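Enquirer: Compute the structure for the input listed below.
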Amino acid sequence: MAETRLIAETVAALPGSAAERFADHVAARYKTGEGWREISYADAGKAINELALGLVDLGIEPGDRVCLLANTRLEWVLAMYAISAAGAVVVPIYPTNSPKECKWVVGNSTAKAVICEDEGQRNKIEQVRDELDELEHVIGLDDAAGEISFDQLRERGAGHDPEVLAERQSNVEADDPFIIVYTSGTTGPPKGVVLTHANAMSVCQVCEELEFITPDEVSYLYLPLAHVFGLTVPLGSFDQGTTIVFTSGDTKKILEEIVETKPTYLPSVPRIFEKLYAAAMKMREQASEEDQQRFGEAVKLGVEVRQRRERGEQVPEQMAQAFDQADEQIFKRVRDLFGGQIRQAVTGAAPIAPEILEFFYAAGVPVLEGWGMTETTAIGTVNLLDQIKFGTVGRAVPGAEIKIAEEDGEILMRGPMVFKEYWRNPDATAETLVDGWLHTGDVGELDDDGFLKITGRKKDIIITAGGKNLTPANLENDLKQSRFISQAVMYGDRKPYPVALVTLDPEEIVPWAKEQGLPEDLAELAEHERVKELVQQELDRANSNYAQVEQVKKFRILDHDLSIETGELTPTLKVKRNVVYERYQELLEGMY
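Expert: As a prediction, this is how the structure comes out:
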């Protein structure tokens, strides 16, 4: 564990301390029409102070809520720190939210101002503004996105006495709310999770102790900042004075930008790794049987050699030579897909297959699986470079305590990162925080070494008519290992056997269909016998890992993929099981 030296006690004071200590360091790189540009910590600090004073000039008081409705970009982070520096409370809104969903967050938090990214986001607010009595100001990152623009807000603040901010920041207590994050929620209206300044600074503490963000780090950030997993990056980076590379916003260019900018740290949801792994498996399938066997042996060898080296153990000469050969022929090409400089990547927010993690670890791109929730400020457990067990989400981070409830296997947690309360919802708070322990709703197991394995969500468990408890996520994830399958949703509560809905991955199934001389329309392919046979083969492979009673007996293929826009996925790409069950009830019931 590394020594820690937090540069501030609250998020309100963090950008000022960072600007002073790391003045000439590059705080961020961001893309414009002219290419990549940089901003220093000194310049970022100046912008944050002027924006914060602009908010003060608008009448934002300490404790007021200010919403942020924008995609991941530099200005999001500058706005977040400005809101906090003014003593106010940040309230993110997912940019994919509908006007009705925006109304809920702005109204429930009684926000006084909303910062909108562009005209499209502003229009959502304008559609519901008559129902938002507390809302006084709409500020735009772009000129047309608000009654006052970001630049005008800075101008308003530039002439103000900075002592006003110093006084506000000195009055912010560690236990005061820093941010209210509305859970994307797979059921019911989102609840506002109140995270304090102490919660946020505990993230910085953990990043330092576990050397997750080190002083020379370059982090590539594409994750939504309305989700706490994404927020860990600007918090840890400002504490250490390191560089954040912001996505240009084009999801199709993420891998291209990673190669261009050569980050050392990549936090990500599993989808990027799953896609690259699927591409590698496609190449493997096209190779001879002998080469396929060699590929599998190379992955085992890569894991073995890298783990030995991580533990400081000697690697036998013959093994080292075989590894060097595999590294040159296979692994180097994988590292180059990530820019060649990745020290570690972290995956969370959804499960990932151990085989994928082993592949990337062998290739020298260690993808460390972790687990956390909005209510734990995104941190809870994580694998480390020198403490890794594939198939687990690692050990408890420093300061966190984890235990398993004896009666139902629920994971309980306490520590400085656990949230304060649900905003204006004491009943939900009392249900979730019991005697200081957070009842997470996840079910899991702790092994003798303290590594946690997530086995499911309490509310997702299916109990068959025969009384057998099934965890849908396990077989669903096995099915999703197929490059042809995008999503799989198991169904079968109180039914004689489980069934599943499957969606096809357009990027994989369409080229395959073209090769086979089949139609290239997704809806047609969903009904085609050849595609049904293909999915059946993948289901047989997945089913073979489970007892007869746990196996999916029938499936149906949807004619489209699940998406955030249709309300079937959360912004972190988790399936909204209740929405899917309700929407496709007839199709599901028709399989019995």
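
Enquirer: which stretches of the stretch 401-550 of the chain form helices?
Expert: Ranges of helices in the stretch 401-550 of the chain, per DSSP state H, counting those that start in this stretch, are 426-432, 472-480, 506-515, 522-527, 529-543.

Enquirer: chain center to the shortest one, what's the gap?
Expert: This points to helix 522-527. Relative to its parent chain, helix 522-527 has a centroid offset of 31 Å by Cα atoms, centre = their mean, to the nearest Å.

Enquirer: if we can go back for a sec, could I get the helices of the stretch 401-550 of the chain in a markdown table, plus columns for mean pLDDT, mean neighbour count and distance to residue 368?
Expert: Using the backbone N, CA and C atoms, a C-beta is placed for each residue, glycine as well. Below are these laid out as a markdown table (pLDDT from 0 to 100; neighbours: other Cβ atoms under 10 Å; distance: least, Cβ to Cβ, whole Å):
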| stretch | mean pLDDT | mean neighbour count | distance to residue 368 |
| --- | --- | --- | --- |
| helix 426-432 | 95 | 13 | 27 |
| helix 472-480 | 88 | 21 | 18 |
| helix 506-515 | 93 | 16 | 26 |
| helix 522-527 | 94 | 16 | 35 |
| helix 529-543 | 95 | 16 | 25 |
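
Enquirer: And these: which comes nearest residue 201?
Expert: Evaluated over those, closeness to residue 201 peaks at helix 426-432, with 21.7 Å, by Cβ to Cβ.

Enquirer: now for the closest one, which elements pack on it?
Expert: strand 421-422, strand 437-446 (3 or more Cβ pairs under 8 Å, 6 or more residues apart in numbering; DSSP states H and E).

Enquirer: I'd like the helices of the stretch 401-550 of the chain as TSV, with distance to residue 117 appended.
Expert: Formatted as TSV, those follow (distance: least, Cβ to Cβ, whole Å):
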stretch	distance to residue 117
helix 426-432	30
helix 472-480	32
helix 506-515	27
helix 522-527	31
helix 529-543	39
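
Enquirer: just so I know, which of the ones you listed lies nearest residue 306?
Expert: Once the helices of the stretch 401-550 of the chain are compared by Cβ to Cβ, helix 472-480 is nearest, at 24.3 Å.

Enquirer: Give me the residues contacting that closest one.
Expert: Outside helix 472-480, the residues that touch it by Cβ atoms under 8 Å, 6 or more residues apart in numbering are 274, 351-353, 455-457, 460-462, 485-490, 498, 500, 502, 538-539, 541-543, 545-546, 550-552, 577.

Enquirer: CA atoms only: put it into PDB for me.
Expert: C-alpha atoms of helix 472-480 as PDB (Å, rounded to 0.1, in the frame of the first residue of the first chain):
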ATOM      1  CA  PRO A 472     -30.100 -15.500 -14.500                       C
ATOM      2  CA  ALA A 473     -26.900 -13.500 -14.900                       C
ATOM      3  CA  ASN A 474     -24.600 -16.600 -15.000                       C
ATOM      4  CA  LEU A 475     -26.200 -18.300 -18.100                       C
ATOM      5  CA  GLU A 476     -26.900 -14.900 -19.700                       C
ATOM      6  CA  ASN A 477     -23.200 -14.000 -19.500                       C
ATOM      7  CA  ASP A 478     -22.200 -17.300 -20.900                       C
ATOM      8  CA  LEU A 479     -24.500 -16.800 -23.900                       C
ATOM      9  CA  LYS A 480     -23.200 -13.200 -24.400                       C
END
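
Enquirer: Weed out the non-buried ones from the contacts of helix 472-480.
Expert: Among those, the ones that count as buried by 16 or more other Cβ atoms under 10 Å are 274, 351-353, 456-457, 460-462, 485-490, 498, 500, 502, 538-539, 542-543, 550-552, 577.

Enquirer: per the record, what domains does the chain have?
Expert: Split into domains by automatic domain parsing, the chain comes to 14-172+214-268, 174-209+372-459, 461-589.

Enquirer: Centre of the chain to the helix of greatest length in the chain, how far?
Expert: Using DSSP state H to define each element, the chain has its longest helix at helix 289-310. Offset of helix 289-310 from its chain centre (Cα atoms, centre = their mean): 29 Å.

Enquirer: where's the closest residue to residue 223 other than its chain neighbours, which helix or strand?
Expert: Spatially, and ignoring its direct neighbours in sequence, residue 223 is nearest to residue 230 (3.5 Å; Cβ to Cβ, 6 or more residues apart in numbering). Assigned by DSSP states H and E, residue 230 falls within helix 228-240.

Enquirer: Tell me the strands beside the next helix or strand after that helix, with direction?
Expert: Using DSSP H and E, the next helix or strand after helix 228-240 towards the C-terminus is strand 243-246. Sheet pairing for strand 243-246, assigned by DSSP bridges, gives strand 26-32 (parallel), strand 218-221 (parallel).

Enquirer: relative to helix 228-240, how tilted is the first one?
Expert: Just to be clear, that refers to strand 26-32. Here the directions of strand 26-32 and helix 228-240 differ by 130 degrees (axes from the mean of the first three to the mean of the last three Cα atoms, to 10 degrees).

Enquirer: quick one: contacts of the helix or strand immediately after strand 26-32 in the chain?
Expert: Sequence-wise, the next helix or strand downstream of strand 26-32 (DSSP H and E) is strand 35-40. Strand 35-40 is contacted from outside by 23-31, 47, 74, 260-261, using Cβ under 8 Å, 6+ apart.

Enquirer: Tell me which residues of strand 35-40 come out buried.
Expert: Buried, per 16+ other Cβ under 10 Å, within strand 35-40: 39-40.

Enquirer: same thing with stretch 324-342?
Expert: Neighbour-count burial for stretch 324-342, with 16+ other Cβ under 10 Å as criterion, is recorded at 326-327, 330-331, 334-335, 337-339, 342.

Enquirer: The lowest-mean-pLDDT helix or strand in the chain - contacts with which helices or strands?
Expert: Least confident helix or strand of the chain, by mean pLDDT, DSSP states H and E, is strand 469-470 with a mean of 80. Applying 3+ Cβ pairs under 8 Å, 6+ apart, we find strand 469-470 packed against strand 462-463.

Enquirer: What strands flank the strand it packs on, and is each parallel or antiparallel?
Expert: If you go by DSSP bridges, strand 462-463 pairs up with strand 469-470 (antiparallel).

Enquirer: ok so, going back, dump the residue contacts of the residue nearest to residue 223.
Expert: Residues counted as contacts of residue 230 (Cβ under 8 Å, 6+ apart) are 72, 221, 223-224, 267.

Enquirer: Buried subset of those, written for PyMOL?
Expert: Typed into PyMOL, the line below selects the buried ones among the contacts of residue 230, using 16+ other Cβ under 10 Å:
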select buried, resi 72+221+223+224+267
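
Enquirer: Looking at the contacts of residue 230, which are in strands?
Expert: Of the contacts of residue 230, the ones assigned to strands by DSSP state E are 221, 267.

Enquirer: can you put the contacts of residue 230 in TSV and add distance to residue 141 and pLDDT?
Expert: Below are the contacts of residue 230 laid out as TSV (distance: Cβ to Cβ, whole Å; pLDDT from 0 to 100):
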residue	distance to residue 141	pLDDT
72	12	97
221	17	98
223	19	94
224	16	92
267	23	96
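
Enquirer: wait, which of the domains of the chain is closest to residue 313?
Expert: domain 174-209+372-459 (11.6 Å).

Enquirer: Kindly check the end-to-end length of that closest one for me.
Expert: The first residue of domain 174-209+372-459 is 34 Å away from its last residue (Cα to Cα, to the nearest Å).

Enquirer: coming back round to it: next one: the residue nearest to residue 223 from residue 73, what distance?
Expert: Distance, residue 230 to residue 73, using Cβ to Cβ, to the nearest Å: 12 Å.
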